[in-house]
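*Asks:* need a structure here:
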Amino acid sequence: MPYLMLLDPKGLPVREWKIDDQALEVGRAFDSDISVDDPRMSRRHFRIERVNEAVWITDLESKTGISINGKSRESAVLKSGDMIEAGDTTFFYESGIETLLVETEKKTHHTTIGKVIQDLRIPNSKPEIRKGNRS
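*Replies:* Numbering: from 1, shown residues only. The predicted structure follows:
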């Protein structure tokens, strides 16, 4: 199941919300589905909703807008790993496919299997080919 994760200023996960069939409104209003204490966010800043198999994000005519992976957008289909910025707040979107919790340095982080595999690869390494006698 897809989810939205709130990140702290260091980029570490603070809280997450599952995205189901009901739309989620995000903003600084206390009655928002996801209420964030950020004076640069509008009371009703953006909405996230599932439409068929896609998850859409839509700016709700906020003052500061939203950006996805550093690009300003009014609406977009989210992809796993997208970083969403609204006001001074950063969120991370995960599709929920192949998700792991990885414990490092006594902190639990979310990551994908692909990222774990990528981190385990040795840079600039090539497979060793051995030539030998065949009997």
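
*Asks:* So residue 23 sits against residue 44, correct?
*Replies:* No: Residue 23 is beyond contact range of residue 44, at 11.7 Å (criterion: Cβ atoms under 8 Å). (Each C-beta comes from the backbone N, C-alpha and C, glycine too.)

*Asks:* What's the local residue count around residue 73?
*Replies:* Counted with other Cβ atoms under 10 Å, the neighbours of residue 73 add up to 15.

*Asks:* For the closest residue in space to it that isn't next to it in sequence, grab the count of nearby residues.
*Replies:* Once flanking residues are discounted, residue 73 sits nearest to residue 66: 6.1 Å by Cβ to Cβ, 6 or more residues apart in numbering. By the criterion of other Cβ under 10 Å, residue 66 has 24 neighbours.

*Asks:* Was I right to think residue 66 contacts residue 72?
*Replies:* Yes: Residue 66 is within contact range of residue 72, at 7.5 Å (criterion: Cβ under 8 Å).

*Asks:* circling back to that earlier point, what separation is there between the residue nearest to residue 73 and residue 21?
*Replies:* Distance, residue 66 to residue 21, using Cβ to Cβ, to the nearest Å: 22 Å.

*Asks:* what do you get for residue 5?
*Replies:* Note on residue 5: its distance to residue 21, by Cβ to Cβ, is 19 Å.

*Asks:* Comparing the two, which residue is more hemmed in?
*Replies:* residue 5 (17 against 6).

*Asks:* Just the element for the more buried one, please.
*Replies:* strand 3-7 (DSSP states H and E).

*Asks:* Following the chain onward from that strand, which element is next?
*Replies:* By DSSP H and E, the next helix or strand past strand 3-7 is strand 13-18.

*Asks:* And that next one, what's buried?
*Replies:* Neighbour counts over strand 13-18 (16 or more other Cβ atoms under 10 Å) mark 13, 17 as buried.
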